[in-house]
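Asker: give me the fold of what follows.
(2 chains)
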Amino acid sequence: SQQGEEDPQALSIQEGENATMNCSYKTSINNLQWYRQNSGRGLVHLILIRSNEREKHSGRLRVTLDTSKKSSSLLITASRAADTASYFCATRSGAGSYQLTFGKGTKLSVIP
Amino acid sequence: DVKVTQSSRYLVKRTGEKVFLECVQDMDHENMFWYRQDPGLGLRLIYFSYDVKMKEKGDIPEGYSVSREKKERFSLILESASTNQTSMYLCATMGSSSGEQFFGPGTRLTVL
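Answerer: Take a look at the predicted model:
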């Protein structure tokens, strides 16, 4: 079953601009993760935020989590053409659960 | 770095054939997963394994089986391939203490 839903489904921006993607989920979570997938390849883990955290940074990435609204956002600052990819959020429901439930993804295009 | 390899990048099989997709990891992770990815549907979990010889059904196990005889290897088996199993298949691993999953490059399977 799909837990996370990303918004928008597709996003096109100019190089140097910021890109914001949103994720909403339905049930309580242990953590929420963001992954990137370049065309036709496997997914790469970007960042993990735990349910008791509100914001996390990693390089040009900033993730926020609002558990009261069951939503998260991923901000990529100063985007580059190499950031062109699909981005997925994934939720882990409990500490004892090893499963991740993925959303359908946001396709980001960064135009040089 | 975790390395997850999959036996083939591209595979073409005929309807009714038995298909084996193999995944090998080198990080001694307990947990391994098989997903399929289809346009508009995102990633869906087929099966996962949390230990040697242990397996659990995911969201869409019908038409698939799995085998985990050794810790580093997790095989997905299509007993009798059908055209609706044409898809991208992704293997992933996860350690018990970490929250993130590490993905292989994927196998794009076409069933004719």
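Asker: who in chain A is up against chain B?
Answerer: By Cβ under 8 Å from any Cβ of the partner chain, the part of chain A that sits against chain B consists of A:1-2, A:30-31, A:33, A:35, A:40-45, A:48, A:88, A:90, A:92, A:98-105. The way it works is simple: take the backbone N, C-alpha and C, and place the C-beta from them, glycine included.
Asker: out of these, which end up buried?
Answerer: A residue is treated as buried here by neighbour count (16 or more other Cβ atoms under 10 Å in any protein chain shown); on that basis the buried members of the residues of chain A next to chain B are A:31, A:33, A:35, A:41-43, A:45, A:48, A:88, A:90, A:92, A:98-105.
Asker: among those residues, name the ones in helices.
Answerer: Counted as lying in helices by DSSP state H, out of these, is not a single one.
Asker: okay, and the beta partners of the closest residue to residue A:19 other than its chain neighbours?
Answerer: With Cβ to Cβ, 6 or more residues apart in numbering or on different chains as the criterion, residue A:19 has its nearest non-adjacent residue at 4.5 Å, and that residue is residue A:76. Each beta-bridge partner of residue A:76 is listed here: residue A:19, residue A:61, as defined by DSSP bridges.
Asker: contacts only, for residue A:76.
Answerer: A:18, A:19, A:20, A:60, A:61, A:83, A:108 (Cβ atoms under 8 Å, 6 or more residues apart in numbering or on different chains).
Asker: mind listing what's buried in the lowest-mean-pLDDT helix or strand in chain A?
Answerer: Ranking every helix and strand in chain A by mean pLDDT, DSSP states H and E puts strand A:5-7 at the bottom, with a mean of 82. Residues of strand A:5-7 classed as buried under the neighbour-count rule (16+ other Cβ under 10 Å) are A:5, A:6.
Asker: partner strands of that strand, parallel or antiparallel?
Answerer: Within its sheet, and counting by DSSP bridges, strand A:5-7 is paired with strand A:19-24 (antiparallel).
Asker: state the mean pLDDT of the partner strand.
Answerer: The predicted model gives strand A:19-24 an average pLDDT of 96.
Asker: got the CA positions of it in CSV?
Answerer: Coordinates of the C-alpha atoms in strand A:19-24 are reproduced here as CSV (Å, rounded to 0.1, in the frame of the first residue of the first chain):
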residue,chain,number,x,y,z
ALA,A,19,13.6,23.1,-5.7
THR,A,20,11.0,22.1,-3.1
MET,A,21,9.2,18.8,-3.1
ASN,A,22,6.6,17.7,-0.6
CYS,A,23,5.5,14.4,0.8
SER,A,24,2.4,13.5,2.7
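Asker: returning to that earlier point: please check the contacts of residue A:76 and keep the buried ones.
Answerer: For the contacts of residue A:76, burial is judged from neighbour counts taken by 16+ other Cβ under 10 Å, and it is met by A:19, A:20, A:61, A:83, A:108.
Asker: for chain B, give me the ranges with low pLDDT.
Answerer: Counting by pLDDT under 70, chain B shows low-confidence ranges at B:1-2, B:98.
Asker: most residues in a single strand of it, which one?
Answerer: Looking only at chain B and at elements set by DSSP state E, the strand with the highest residue count is strand B:42-51.
Asker: ok, and what's touching it?
Answerer: Taking contacts as Cβ under 8 Å, 6+ apart, the residues outside strand B:42-51 that touch it are A:2, A:43, A:88, A:98-99, A:101-105, B:30-38, B:55-61, B:64-66, B:68, B:71, B:74, B:76, B:90.
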